[in-house]
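Student: Below: sequence and its predicted model.
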Amino acid sequence: MTLILGFLASIGRTMLAGLAGMGRITLYASDAVSHLARPPFYWREFGHALVQIGWLSLPVVGMTALFTGGALALQIYAGGARFNAETVVPSIVAIGLTRELGPVLGGLMVAARVASSIAAEIGTMKVTEQIDALTTLSTNPMKYLTLPRVLAATLAVPLLVGVGDVIGIMGGFLVGVGRLDFGAATYLHNTIDFLETWDVVSGMIKGAVFGFIVALMGCYYGMNSGRGAQGVGRATKTAVVAASVLILASNYILTEVFFSA
């Protein structure tokens, strides 16, 4: 009986710790968003974050989308051949990329690159007491460090998703025409006919949510990192894991909201 009670108590402690962490992250996010309406706004930090998060993430997102589109075309063709439905390859590739694979894979790649970078940068600033120096100079660390990065990621990731969708569809087109013997005109015609505006827009909305999550996790765990190299490393690892899990969870919620009908 004692063992059962101890096991249940450990589960309860874990759940309470998880709920407390979610509460702290929610309060941190609301605090960051509230600063958006209050001056000053550090445009230089925002521009730097926009380049780091958006432009420098484009190669990895583009390569991921290109090969995903090609692999998706091969898989759908192989599966459709069992039902004599090979002609659905262009439409399924386009819909799958714009609705799901483009936003999710783009968000995960940005999380791997950006969340770790932000957490390591801010964690190092905390360890070296640079954040304390900002406070001493009457500069709000939330406004100077968190807000520009969160806003830049929220705006940049949807653009990355849009570019990734185009590159992914091109990857499917190259495989479809070069490997699966589709006619170029037929492939493009089927893609355009079955792809709707909401498919693209819903994916970009997901991208905005994922970008917000990625930057928020990087900033939160960087601000709350422990002392020393181990503390910074732990914060970096936790930021990437938390961002990835939240991206997958929020993707399901958004898909349920957008396409439940």
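Tutor: Okay, I see it. Numbers count the residues shown, from 1 in each chain.
Student: which SS class is the nearest residue to residue 86 once chain neighbours are set aside?
Tutor: Distances taken as CB to CB, 6 or more residues apart in numbering place residue 80 nearest to residue 86, at 4.8 Å, with adjacent residues excluded. No exception for glycine: its C-beta is placed from N, CA and C like everyone else's. Secondary structure state of residue 80, per DSSP: H, G, I helix; E, B strand; the rest coil, is helix.
Student: what's the neighbour count on residue 80?
Tutor: Counted with other CB atoms under 10 Å, residues neighbouring residue 80 total 15.
Student: Now do the contacts for it.
Tutor: Contact analysis of residue 80 by CB atoms under 8 Å, 6 or more residues apart in numbering lists 86-89.
Student: Going by neighbour count, which of the residues you listed comes out on top?
Tutor: Within the contacts of residue 80, most neighbours by other CB under 10 Å means residue 89, with 27 neighbours.
Student: residues in contact with the helix or strand harbouring that one?
Tutor: Residue 89 belongs to helix 89-96 when elements are defined using DSSP states H and E. Outside helix 89-96, the residues that touch it by CB under 8 Å, 6+ apart are 69, 72-73, 76-77, 80, 168-169, 172-173, 176, 180, 182, 186-188, 190-191, 193-195, 199.
Student: Report pLDDT for residue 69.
Tutor: At residue 69, the model reports a pLDDT of 92.
Student: Alpha carbons of stretch 61-70, in CSV - could you do that?
Tutor: Extracted in CSV, the C-alpha atoms of stretch 61-70 (Å, rounded to 0.1, in the frame of the first residue of the first chain):
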residue,chain,number,x,y,z
VAL,A,61,13.9,25.2,-44.3
GLY,A,62,14.2,25.2,-48.1
MET,A,63,16.3,22.0,-48.3
THR,A,64,14.0,20.3,-45.8
ALA,A,65,10.9,21.2,-47.9
LEU,A,66,12.6,20.2,-51.2
PHE,A,67,13.4,16.7,-50.2
THR,A,68,10.2,16.3,-48.3
GLY,A,69,8.2,17.2,-51.4
GLY,A,70,10.1,14.7,-53.5
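Student: Mind pulling up the pLDDT for the closest residue in space to residue 126 that isn't next to it in sequence?
Tutor: Spatial nearest neighbour of residue 126, chain neighbours left out: residue 225 (5.8 Å); criterion: CB to CB, 6+ apart. Confidence at residue 225, expressed as pLDDT, is 83.
Student: ok, residue 225 to residue 164 distance?
Tutor: Between residue 225 and residue 164 the computed distance is 31 Å (CB to CB, to the nearest Å).
Student: Same question for residue 2.
Tutor: When distance is defined by CB to CB, residue 2 is 54 Å away from residue 164.
Student: Of the two, which one has the most company?
Tutor: residue 164 (30 against 6).
Student: Next, give phi and psi for the more buried one.
Tutor: The phi/psi pair for residue 164 (degrees, to the nearest 10) reads phi -60, psi -40.
Student: How about it, nearest residue that isn't a chain neighbour?
Tutor: Among residues not flanking residue 164 along the chain, residue 65 sits closest, at 3.8 Å (CB to CB, 6+ apart).
Student: and the one you found, how many residues sit next to it?
Tutor: By the criterion of other CB under 10 Å, residue 65 has 28 neighbours.
Student: What helix or strand is it located in?
Tutor: Using DSSP H and E, residue 65 falls within helix 58-80.
Student: Number of residues surrounding residue 24?
Tutor: Residue 24 has 12 neighbours, counted by other CB under 10 Å.
Student: any idea whether it is helix, strand or coil?
Tutor: Classification of residue 24 by three-state DSSP places it in helix.
Student: how near is the closest residue to residue 135 other than its chain neighbours to residue 78?
Tutor: Closest residue to residue 135 apart from its sequence neighbours, by CB to CB, 6+ apart: residue 141 at 6.5 Å. Distance of residue 141 to residue 78, computed by CB to CB: 52 Å.
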